[in-house]
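Undergrad: Starting from these lines, generate the structure:
(one chain, ligands or ions: 1)
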Amino acid sequence: MADFDGKVALVTGAGGAIGSATVRLLVERGASVALLDVAESSAPALAAELGERALFVATDVSDEAQVKAAVASAATHFGGPTLLVTVAAINRTGPVESLAVEDWDRMMAVNVRGVFLPIKHTVPHMKQSGGGAIVNMCSVSAFIGSPGGAPYHTTKGAVLSLSRSLAQELAPQGIRVNSICPGWVDTPFTDRYIESQPDPTGLRAYANGLHALGRMARPAEVAQAVCWLLSEDASFSTGSELFVDGGFMIKR
Ligand SMILES: NC(=O)c1ccc[n+]([C@@H]2O[C@H](COP(=O)([O-])OP(=O)(O)OC[C@H]3O[C@@H](n4cnc5c(N)ncnc54)[C@H](O)[C@@H]3O)[C@@H](O)[C@H]2O)c1
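TA: Residues are numbered from 1 along each chain as shown. Here you go, the predicted structure:
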């Protein structure tokens, strides 16, 4: 018997590199998974590939009505979710004096409100089931800064604080809340950023060298850590940040 047999999970950003690796592992380990992502993502194709234990629900995580409806669909289809992984995020960079307010607000809406809303609407199901586990995709960016990266770092700092507060608030109900902090992960999200910079080849080599292990993470390595935190093996972990960073932080 797989450890997530009979469990219902909800994953946001499910069509992305880390989201899809997480969905695949959850399904492999027995869970039924609701894949929340925007319609033009890879999530519908992934859900179709995975079959009856995967349900795609087109959702903009920044929109409360859509998130509420998506959680309700998941609950109707599979039963109330007790596992939640918030992965959806966007990245817009630029010098502070030229950052558009619209870009700033969109980052906050997707990366912060888009973490709060799925938690808000999933927690009632967890309480009803007597407990649950939430993993928020944070980043080493919550602990450091970088020129031009202020909005992204700010949103990840917010996710960290949100996770720590909710871990305390929800502990009495048996709901654990943890964050995962990857360093650089080899994904299209990272590629898009690297390719937008003046020297992509040099930047890629520099990025690899930031990690003690000399490379970026693979999405599947992050997914393994997510599933550990969701599992009963992590029953005494809450309010923690798990670094899956190949030794990025120890080199700072
Ligand atoms: N790639 C990295 O190097 C890295 C490092 C540290 C942390 N992270 C974090 O990991 C997470 C995923 O990264 P990834 O590399 O898999 O990114 P990705 O771009 O491959 O995936 C992000 C997913 O989020 C979805 N999404 C975007 N806006 C959305 C919205 N409004 N509503 C619903 N879904 C939306 C996208 O469609 C996409 O499927 C993010 O939270 C990111 O901050 C990534």
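Undergrad: which bits of the protein sit near the ligand?
TA: Contact residues, the chain versus the ligand (C-beta under 6 Å from any ligand atom): 12-13, 15-19, 37-38, 41, 59-62, 87-90, 110, 114, 137, 139, 182, 184-185, 187-190. (Glycine included, C-beta is placed from N, CA and C.)
Undergrad: Return the mean pLDDT over stretch 164-173, rounded to an integer.
TA: If you average the pLDDT over stretch 164-173, you get 98.
Undergrad: In it, which residues have enough neighbours to count as buried?
TA: Under the neighbour-count criterion of 16 or more other C-beta atoms under 10 Å, stretch 164-173 has 164, 166-167, 170 buried.
Undergrad: which ones among these are found in helices?
TA: Assigned to helices by DSSP state H, the following of the buried residues of stretch 164-173 qualify: 164, 166-167, 170.
Undergrad: Residue 133 falls within a strand, correct?
TA: Yes. Per DSSP: H, G, I helix; E, B strand; the rest coil, residue 133 lies within a strand segment.
Undergrad: Can you give me the pLDDT of it?
TA: 98.
Undergrad: Does it touch residue 230 like I think?
TA: Yes. Between residue 133 and residue 230 there is a contact under C-beta atoms under 8 Å: 4.7 Å.
Undergrad: residues shared between the contacts of the two?
TA: With contacts defined as C-beta atoms under 8 Å, 6 or more residues apart in numbering, the residues shared by residue 133 and residue 230 are residue 83.
Undergrad: Comparing these two, which residue is more hemmed in?
TA: Taking neighbours as other C-beta atoms under 10 Å, residue 133 and residue 230 compare with residue 230 leading, 28 against 25.
Undergrad: For residue 151, see how far away the more buried one is.
TA: According to C-beta to C-beta, to the nearest Å, residue 230 stands 28 Å off from residue 151.
Undergrad: How about the backbone phi and psi for residue 83?
TA: phi -120, psi 130 (degrees, to the nearest 10).
Undergrad: Burial check on it, number of neighbours?
TA: Number of residues near residue 83 (other C-beta under 10 Å) recorded here: 25.
Undergrad: which residues touch it?
TA: Here residue 83 is in contact with 4, 7-10, 26, 31, 132-134, 230 (criterion: C-beta under 8 Å, 6+ apart).
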